[in-house]
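**Student:** build the 3D model from these lines:
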Amino acid sequence: MNPVIRNILAVVAGAVGGSVVNMSIITVSSSVIPPPAGVDVTTMEGLKSSLHLFEPRHFLMPWLAHALGTFAGALLAVVIAATHKVRIALVIGLLFLAGGIANVLLLPSPLWFTVVDLGLAYLPMAWWAAKLAIRK
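**Tutor:** Model (predicted):
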């Protein structure tokens with residue numbers, strides 16, 4: 001297969017695969033760490049209106065979803081890619097970072113979470129996935 005086509009497919013597969021991991025974790029998160037009583041986490045409006053009730057533990061699952069989704073997507077992309085594996089992993093990290101920035105703009109979160117999420121969940125995880133996959 002042409003390396004360019006394979007690299008494009010790697011990015012698409014990484015984005016889709018990482019998104020599946022992300023949404024799977026988000027879907028089960030409220031059963032792992034229940035939201036505060038009376039909070040509707042199924043809508044953006046419900047989240048916006050009750051975010052002030054969330055404790056730090058309620059941000060663990062969203063962070064894991066972002067970090068593990070990025071990691072899984074970058075890992076998949078590196079495994080599929082023909083060339084430029086680290087760059088392709090970082091492209092996945094940038095795609096997910098763009099989603100994280102959009103999420104922060106749509107759903108304002110505490111500053112500490114924004115810093116931790118944007119700083120540690122995307123590019124570092126993509127880089128780590130690339131380094132682990134290339135080493136093997």
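**Student:** okay, now residue 33: neighbour count?
**Tutor:** 15 (other CB atoms under 10 Å). C-beta: built from backbone N, CA, C; applies to glycine.
**Student:** wait, residue 47
**Tutor:** Applying other CB under 10 Å, we find 17 residues neighbouring residue 47.
**Student:** and the one 3 residues further on, by the same measure?
**Tutor:** Applying other CB under 10 Å, we find 15 residues neighbouring residue 50.
**Student:** quick one: contacts for it?
**Tutor:** Contact analysis of residue 50 by CB atoms under 8 Å, 6 or more residues apart in numbering lists 35-36, 38-40.
**Student:** that one sits in which helix or strand?
**Tutor:** In the assignment (DSSP states H and E), residue 50 maps to helix 44-50.
**Student:** generate a ChimeraX selection restricted to the buried entries among the contacts of residue 50.
**Tutor:** Buried residues within the contacts of residue 50, by 16 or more other CB atoms under 10 Å, are selected in ChimeraX with:
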select :35,39
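**Student:** going by distance to residue 74, which of the contacts of residue 50 wins?
**Tutor:** The nearest member of those to residue 74, counting by CB to CB, is residue 35 at 29.2 Å.
**Student:** is it true that the closest one touches residue 58?
**Tutor:** Yes - the pair residue 35 / residue 58 is scored as a contact, 6.4 Å apart, by CB atoms under 8 Å.
**Student:** just the element for residue 109, please.
**Tutor:** Using DSSP H and E, residue 109 falls outside every helix and strand.
**Student:** per-residue pLDDT, the nearest residue to residue 57 once chain neighbours are set aside?
**Tutor:** Distance criterion CB to CB, 6 or more residues apart in numbering; nearest residue to residue 57, sequence neighbours excluded, is residue 33 at 5.7 Å. Residue 33 carries a pLDDT value of 94.
**Student:** hey, which helix or strand in this structure has the poorest pLDDT?
**Tutor:** helix 44-50 (a mean of 87; mean pLDDT, DSSP states H and E).
**Student:** hang on, the earlier thing: for the contacts of residue 50, work out which two are farthest apart.
**Tutor:** For the contacts of residue 50, the farthest-apart pair by CB to CB is 36 and 40; their separation is 10.6 Å.
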